[in-house]
Structure formats: C-alpha cells, structure tokens
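Peer 1: task: produce atomic coordinates for the following.
(chains A and B)
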Amino acid sequence: MPPPGPGEYRGRIEDPPLLRGTAQFVDDIRLPGMLHAAFVRSPLGHAAIRAVDAAAARALAGVHAVLTRADLRPHLLSEFLAVGLPSPSYKQEVDRPALAGDDVAHVGEPVAIVVAESRYLAEDAAALVEVDYEELPAVADCRAALKPGAPRVHRNGPHNLVAEFDMGYGDVAAAFAGAAHVFHESIWQHRGGSHSIECRGDVAVYDPLEDRLTLWSSTQAPHAAMRALGAMLGRDENRLRVVTPDVGGGFGPKLVFYPEDVATSVAALILRRPVKWIEDRREHFTATTQERDQFWEVEIAVDGAGRILGLRGALIHDHGAYTARGVNVPYGAAQTVTLPYVVPAYRLEVKLALTNKVPVTPVRGAGQPQGAFVMERLLDRVARELGIDRAELRRRNLVPPERMPYATPLKTRGGIPVVLDSGDYPKCQLAVLDRAQWDSFPARQNAARAKGRYIGIGLANFVEGTGRGPFEPVTVRIGPSGKIHVYSGAAAMGQSTKTMLADLVAEQLGGDRANVTVTTGDSAAISLGIGGFNSRQAVMAGSSAHVAALKVREKALMVAGHLLEAAAEDLEIAGAEIRVKGAPTMRISLAQIAIALAGAPGFMLPGGAAPGLEATEHFVVDAMTYANGTAVAEVEIDIETGAVAIKRFVMAHDCGRALDRTIVDGQIIGGVAHGIGNALYEWMGFDDNCQPVTATFAEYLLITAPEMPQIELVHQESPTPLNPLGVKGVGESGVIPAAAAIVSAIEDALAPFGAHIAQTPIRPAEILALIEAGRRRHADSL
Amino acid sequence: MGETRKIIVTVNGTRHEAEVEVRYLLADFLRHQLGLTGTHLGCEHGVCGACTILFDGRSARSCLMLAVQANGHEILTVEGIAPGPDKMHPLQEAFRDNHGLQCGFCTPGMLTTLIEFLRDNPDPTEQEVRVAISGNLCRCTGYQGIVAAALDAAKRLQAAKRG
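Peer 2: Here you go, the predicted structure:
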C-alpha cells in the first residue's frame, strides 16, 4: 500500500491505548495512600448558611477531614476564584468562593469537602454534614432578574445586572428609516451542558521532598489552572504543577477553573496524602458550568430586493450566579450575527443577568450558534415575507469573494478587528445546494404532501472565528536518544492534537511519526500555555510546531553538513538520520547531532552552532482566522407525535487547508451532532425555585446513534494567509449552523400549518402545539 | 468498611478470589480493586453505556451491578478484547482505521457492546448497528465513525471466518 498522501488519514497516535483500555484518565490514577473526596453541596437555589455541623461526619470511621471555607482560609491568599476575562462592561464582581461562606447562590454550589478512605465513605460522611440553611428567594428567569424590585441573586449584591455592553456600527436609525421592509422577531435560545462522557476530576498530590503540589486535572487549560491555583495558594510556579492526563472530552466547561480544584488541592496540602475527587454525572449537571437561556428581540431592515440595510435589537443573557469566565458567550453571540453577510448598520444592546443557577461559560460554539440562529431566522422571515427563495435571498447578501479580505467594523472581545481573511461564501453555499438538490426539493415536497407526509428543507450559513491568539507555544527537542520530543501548552481532549503535532513535526524531521513523542497539558513541560478551546489548537499550536520543527531541521542540517563536510542543501533527513542525497553511506544520526550539540567540556560546538538541538516557537498572531460554511437539513415531521426525523444533513465548509481530512470530518460531524441536540433535544430545566429538573440522562437527552443522520460533507479549501499552514480551526464549525438549518427545515415542513418557530430547542409537544394552532387558524378562517 | 463477602470471578480469562464490600459496584471492583481501569464510568445511572462489560457473554452495565453479583460468573472487559499485546481485535482495528473514536472515553463500552452484537449479527445493516449502539452515548464523533467501524469490522470478521 502506498504511504498516505498529504491530508490523508494515517490513524492516530492516541488510539492504541484508548482501544486497549490502557489510557490514563484522571480517575485511572492510583497512588499509594490516596484518599477520596466528596462534596457537600447546596440543595437550594439561594440560601443563607446559618451553621454547618460536621461533628457526626468527622466522627465516622475512615473519614480524614471535613473542610469548610473556614478550614481552607489559613491556606489561601484569596478565597475567591478571580478568573473572569477582562471586560470594561462589568457592573459588579461576582467571583466564586473556594467554598461557600455565608450563603449559597445555586443548587450544587460546594459548601464543604469531605475526605475519606474511599469515595463510598466520603459520600456517607457528606450526608451526615448538617447545614442549617435559611432559604431565600431565588431568581430563575434572567429577564425577570433585571426588572425593578426583583429579588437579588446575591442577597448582599447591588442588583442582578452583571455586565452590559453595546455592539455595533453604522447609522442604524437611518437604515431603518429608509427601509422598504422591517421585520421583528422575539427569539428564545437555550443550550445546555457540555456533557463530555468523562466528567471532571482532580488528583492532588503534595510531595514534601520537593515541596511541590501536583494537580492532575481533567482540564482544557492546565497553565491557566496552574496560575489561578498558584495565586490562591500563594505557591510559586516552581512548587506547583498542573497536568492533564487523558481527557474524556471537554467541549468548553473544562477550560474553567473550579472551586473543587482548589478544595481538593488544599485538602492534599493539609492531609499530606494524595486526594482524588471524581465528579459524578449528577454533579456535572449542577456544578459544572453550562450554557443556558438567551432572549433576543431583534429586527431587520431590508430593501425591496431583500438586501440587508440594518439589524438591531437587544439580548438578555442568563449568566448564572457567578462569573466563571467572563462576557464571552453573549459577546461571541453578538459578534457572530452578521458575519457571513454584508450588513451596513448593526446595533445590539446586550445585558448579562445573574440568576440562581450554575454559572454560564462557553460550550462548544460559545454563543456563535445563537448568533447564527438569530441571523438565519431573520433571513428566513424576510424570504417568506418577500416571496424570495431562502437561498437566493442569502446569496444576495453574502459577503462576495471579491471583497476578501473583508474588514468588518466589529472588534473581538480582545479589541482586535474582525477581518474575514479568506473564503468564497457564495461558492460554498452553491456547492451545498447542488449536493442537497435544493432546487428540486419543492417538487419532492409537493409529492410527499400529496401522500400526507410533511418534509421540509432548510439552510444556514455561518462564519466562525477560529484560532484565538495570541499564541500557543511548542518546543521541539531532539534528545541524545534521537527521539524527537514535542512539548506544547495545547491541551488534548479528543481532537487528535497529539497526532496533529506529531505529524507536523515529523514532516520536517525525517517523516517517521513513531520517532516523535508528544507531551501536552503539563505546566512543568513548557512554561507558557493557553489551552484547548476556541477551535485554536491546529491554528496556534500547529503553526508553532511547524515553525519550531523547521528551525530544528535547519540547525540539524547545518551541523550535519559541517560534520559530513557536505553542503546543507545536499542533505536529506530520512527517519532518524541525515544523509547525503545519492550517497547513502554518508550519514549521521539525529542522536549523534543531538549529542554533539549537548557539548563536551572544553570543546567547541560543531559548526559554531548554538547549544542544543531544540527550538521553542511562540507563533504569535492576534487576528483570528474565519472559517465558514453552509448547512442544509432535510427533515420529516410526524404530525401525530411531533417527532422530527432528520432525513439528510449536508454541510459545505471551508477551514482552509485540512491537515487531515478524516480528522476534520470527525470534528465537523461531532459538532453537528451537538447542534442537532441543541435543536431538538437538549434542555437544562429549572423550576421557579431554581431546582434543576433535568439532572439525569433520562431527563436531559443527548442524541443517540439512531437519530443521527449520515452527515454528508462538501469540502472547500481557502487557505488563510494568517499562518504558515493556511489552516483555520474546525472544532466548532459543525455545531454553529446546525440548529438554524434544522429549525428552518421544520418550519418549511410545517408551512401548511403556518408554523413560525423562533426558539431552540423545539420539542415534540411544541411542534404539536404549532400544528394544532395552525389547524385552529384554518378552521377559524372557514 | 462495611459488610464484606468473598467472591470468585473470572475476568478476561483470569480467576480472581476477592473480598468485597457488599455495596461495592461491579464497575468499582473492576476498576479499583482489580485495576482494570479500561471500563469507564460516565453516568452511574445506566444510560451512557461507557461501563458496559460482557457478563457471561451478554452485555451489561457494570455501574448497575454489585460486585457480589459477579460471584461465579465470567466477565470480559475492554482489556480482554485484543488477542495479545502485539495484535488488536478486528473490531479495534476497524475503530482505529475508521476514526471511530476521538476522546476514547466511550470506546470501551462501544467495543464490548459491538463484540456481542457482531457475534449475534455477523452481517448487520447500518440501521441495525445504530440501534445496537443506541444505549451508548458518544459526545465526540456523532457516531458516524463508530457505525463505519462496526460495519467494517463485520466484514473483517466474516473474512477471517472464511479464512
């Protein structure tokens, strides 16, 4: 069999241990003397804590400690997790405490940590901790939270507005004043949790020999966790290490630093024993951050041909009880709305409201699916009102390729201009329409309706900001063994990051992936790191790996040329050695060069080279690179049950150069699956007292294999000029247009009932209500 | 430590005699007492399927069973699927070649579920595969690579049988 060509699948270096069951996830770590932790958590949405009585718990055999906030205090410089990204828009600081103090603000908030010989005993003891709560009014609805006289989410807080900002540009008033048509939509969007199949977890180990605390954590951002933990504990970075073992999925919330990470670490410091805490699924529902509700009031102004003149509105975003990341979810949503289209004037007023629920932070897509949904719903409305084909309407408004790079007046949350760097959006849309047979669908739909079947088709465009900077470092080092070691601040949690880095480095250094080792997610392996999120690792770490490998290559060839007395351009690297082209006996191994560059006492380095066969690269790029795509969904509705079957889902996408098409496909298809869940199934429900009502997988539905259609992909490749690989990120692409395309298709299927949908998720009972309402309207009109 | 009981259980062909707490979950016994951490826990309420093992050849949720229930029974976990350290099972090879896993956390349960399914249904349709894994949640792949791997594995297993 010929070796795989560029972009072809070679299998992944991650796979063998995962397939054999020998991978090391955080719960697989076993250490001598290890203790196990469980948390006492608030059962109430909002309450004052009058007293905590842990006597019975502490008296239980096998229990080593029950620690409350007061017990942590002597070990902490700061008792709060100050991890919110900066923004000028904050109206108040609501940092999470390491453990609850005088009050609790959401169900699941940790109040005490119990450490025992086993998890079983720890849970027994946690149940014996008596917390005297005085229940306070809870705020469940983020719109109600902002009304005058609303109860406060934090009883001592000033109000429930946590941040407020406007986004936009252009003369919106003039655009609307001169418009031929204006249409308004009220949209509710809900997204739920990440639900990586592995929940969170920590193993904290204190080593008195080195006075070092090591936290093994299932995190997407080990370096950020190390910095946050160091700041709270007052430990310098030489005495602190955060490592990510194998991670069973991240999808956003694992980039956050959590109270449990602090409490587990302090417990290990106090007890001088390794302490493990593994989150269970119930805790994941109530204590891991999630996305939730957004309420949009938006209107669009168009001319007689459906060309967009302006867009304006307001967004109220459910922030939860604390700031665990920042304003980035609503910011990303607001920034995404207009991106694929030429929108001359735009203004959105955004308010982030506190609620007595677990904090909101990004879940795969991070607000971008909501932004795309709003735009696509508005465009469907315009198309319907003006009698223009939905695809044709979009074609008239898409950013044309001749205007690339297209500088929008928008700025990212870091203040960096949003410039669409490359791509051919209309061509991408056309490609997917052809594949999905968009033009012939009306005939198929009419034929189906004649048989009493309700099928529909919908489409959605998106542009995704990927590769958020400023950098992700990579060190490439060839050691005396001749092995090529790659270290990165990137964090692997299933996206094939190690394979990606190994292949990029091997491409420059002998082509043998088996000669490359990759270490990710270890704060002791490389000094800086940002982590795995925002579709950034191939863009940022990949570029650094490429440049670092080139530098090592250049140095290795120079030294080899010196030692072999050959010109560097006559040399090639093959496997673990460098040889003279056409003279294979003239060769030297990478190991020999590495040993030569390690120096010998009193001798000059070969060729006047600098010491060491290694390079560290921080490829810095501030501007994001923008991927794009178009999704077309075809659905069939059972009008008796309200069930939606997705019959077909075709997506054209452009992530620049695809480093490995199979892995790219996997990222997109996984994202689409998540988006289908957001469209049809996933709802994190709370009652009026902020009690979660969907805290099992029986109540909170994830998509399973039978509901999942075979996803068809159409690839476009517009390499970005912003990095040497030409790559754009792809990890979130699939999720962004999915709900918008599916809801468009459902609305189309239910057109005979005049259905209008402005929400996600849309569930069977709501679909039946739409059908019933349509029938009533029809009956009334007779 | 609460009440304990002695059990004898065969796991991946190896006989184990062990003293276990009567309330200890089978999954915890396999993972923490025998050190077979390939069996994963994703929900502990029987929905996600990551903890699926073969119990006397039938798929079962090890998070919904007690260790004492395994007394006198035979268990296959993911660690026992490959024929040896140098060779993987055709199903494992098919997962690798079809990008049937990303984070790999659900993979052990997918593999055990499919071992049973392909044994009983050597020539399945795509839809039958989808139904077979409908009790296993995957958050990474959208199932497409898994379904492709299962269909590919069926072909490989058939070919191996034909010799």
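Peer 1: how about low-confidence regions in chain B?
Peer 2: Along chain B, the parts satisfying pLDDT under 70 run over B:1.
Peer 1: select the longest helix from it.
Peer 2: helix B:144-162 (DSSP state H).
Peer 1: which residue, neighbours along the chain excluded, lies closest to the residue in the stretch 151-300 of chain A that chain B sits nearest to?
Peer 2: Nearest to chain B, among the residues of the stretch 151-300 of chain A, is A:Gly248, at 2.9 Å (Cβ to the nearest Cβ). Where you see a C-beta, it was placed from the backbone N, CA and C, and this is true even at glycine. In this structure, A:Gly248 finds its nearest non-sequential neighbour in A:Glu198, 2.4 Å apart by Cβ to Cβ, 6 or more residues apart in numbering or on different chains.
Peer 1: how much space is there between the closest residue to A:Met708 other than its chain neighbours and A:Asp171?
Peer 2: For A:Met708, ignoring the flanking residues on the chain, the nearest one in space by Cβ to Cβ, 6+ apart is B:Tyr143 at 5.0 Å. According to Cβ to Cβ, to the nearest Å, B:Tyr143 and A:Asp171 sit 49 Å apart.
Peer 1: report how many residues lie close to A:Trp188.
Peer 2: Using other Cβ atoms under 10 Å in any protein chain shown, A:Trp188 has 13 neighbouring residues.
Peer 1: remind me which helix or strand it belongs to.
Peer 2: Under the criterion of DSSP states H and E, A:Trp188 resides in strand A:181-190.
Peer 1: ok, now A:Leu378?
Peer 2: Per DSSP H and E: helix A:368-386 holds A:Leu378.
Peer 1: quick one: that helix to strand A:181-190, angle?
Peer 2: Here helix A:368-386 runs at an angle of 150 degrees relative to strand A:181-190 (axes from the mean of the first three to the mean of the last three Cα atoms, to 10 degrees).
Peer 1: can you tell if helix A:368-386 touches chain B?
Peer 2: No: for a cut-off given as Cβ under 8 Å from any Cβ of the partner chain, helix A:368-386 has no contacts with chain B; the smallest distance is 15.5 Å.
Peer 1: next SSE downstream of that helix?
Peer 2: Next along from helix A:368-386, by DSSP H and E: helix A:390-397.
Peer 1: before we move on, back to that, more neighbours: B:Tyr143 and A:Asp171, which one.
Peer 2: Shown here are B:Tyr143 and A:Asp171; by other Cβ under 10 Å, B:Tyr143 has more neighbours (30 against 13).
Peer 1: residue contacts, the more buried one?
Peer 2: Neighbouring residues of B:Tyr143 by Cβ atoms under 8 Å, 6 or more residues apart in numbering or on different chains: A:Ala673, A:Thr704, A:Ala705, A:Met708, B:Arg130, B:Ile133.
Peer 1: assign the residue in chain B positioned nearest to chain A to helix, strand or coil.
Peer 2: Nearest residue of chain B to chain A: B:Gly38, at 2.0 Å (Cβ to the nearest Cβ). Here B:Gly38 takes the coil state, with states given by DSSP: H, G, I helix; E, B strand; the rest coil.
Peer 1: count the neighbours of the residue nearest to A:Gly248 for me.
Peer 2: With other Cβ under 10 Å as criterion, A:Glu198 counts 29.
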